[in-house]
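Undergrad: Quick check, what structure comes out for this input:
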Amino acid sequence: MRATAEPRSVYIRKTVCEATRAYLRDTTDSDLNAQRMMTTWGGHEKALTPAHIVLRTQTHLFQHMGQIAAMCRLLGHPIPPGLDFPLT
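TA: The predicted model follows:
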């Protein structure tokens, strides 16, 4: 149970961030770069490398931030504060 009254989305973001940091801290470089079988969407099995998944997640995040910035500019609105790095 959450101890604070923060929005659920903020709680989830913090929880995922903490778990990711712990995973990266406790995983060796060789384990991070070793291919392994993982289950993807739809239950498909695929050989993936954890380091590539982390990199893809980050680049995907920046893609969406760019889309938001472009929409704000097109609509004549300022870019929301913190959009350049929303986990701070």
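
Undergrad: what about residue 75, neighbour count?
TA: 7 (other C-beta atoms under 10 Å). In this view, the C-beta of every residue, glycine as well, is placed from N, C-alpha and C.

Undergrad: From start to finish, how long is stretch 21-37 in a straight line?
TA: Chord length of stretch 21-37, first to last residue, is 22 Å (C-alpha to C-alpha, to the nearest Å).

Undergrad: Can you show me the helices along this protein?
TA: 8-26, 29-32, 50-74 (DSSP state H).

Undergrad: hang on, residue 34 packs against residue 49?
TA: Yes. Contact criterion C-beta atoms under 8 Å: residue 34 and residue 49 qualify, at 7.0 Å.

Undergrad: that older thread, just send the helices of the chain back as a markdown table, with mean neighbour count too.
TA: Listed next are these as a markdown table, based on neighbours: other C-beta atoms under 10 Å:
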| stretch | mean neighbour count |
| --- | --- |
| helix 8-26 | 11 |
| helix 29-32 | 10 |
| helix 50-74 | 12 |
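
Undergrad: Which strands or helices does the helix or strand of the chain with the lowest mean pLDDT pack on?
TA: For the chain, counting by mean pLDDT, DSSP states H and E, helix 50-74 ranks last in confidence among helices and strands (a mean of 89). On a contact count with 3 or more C-beta pairs under 8 Å, 6 or more residues apart in numbering; DSSP states H and E, helix 50-74 meets helix 29-32.
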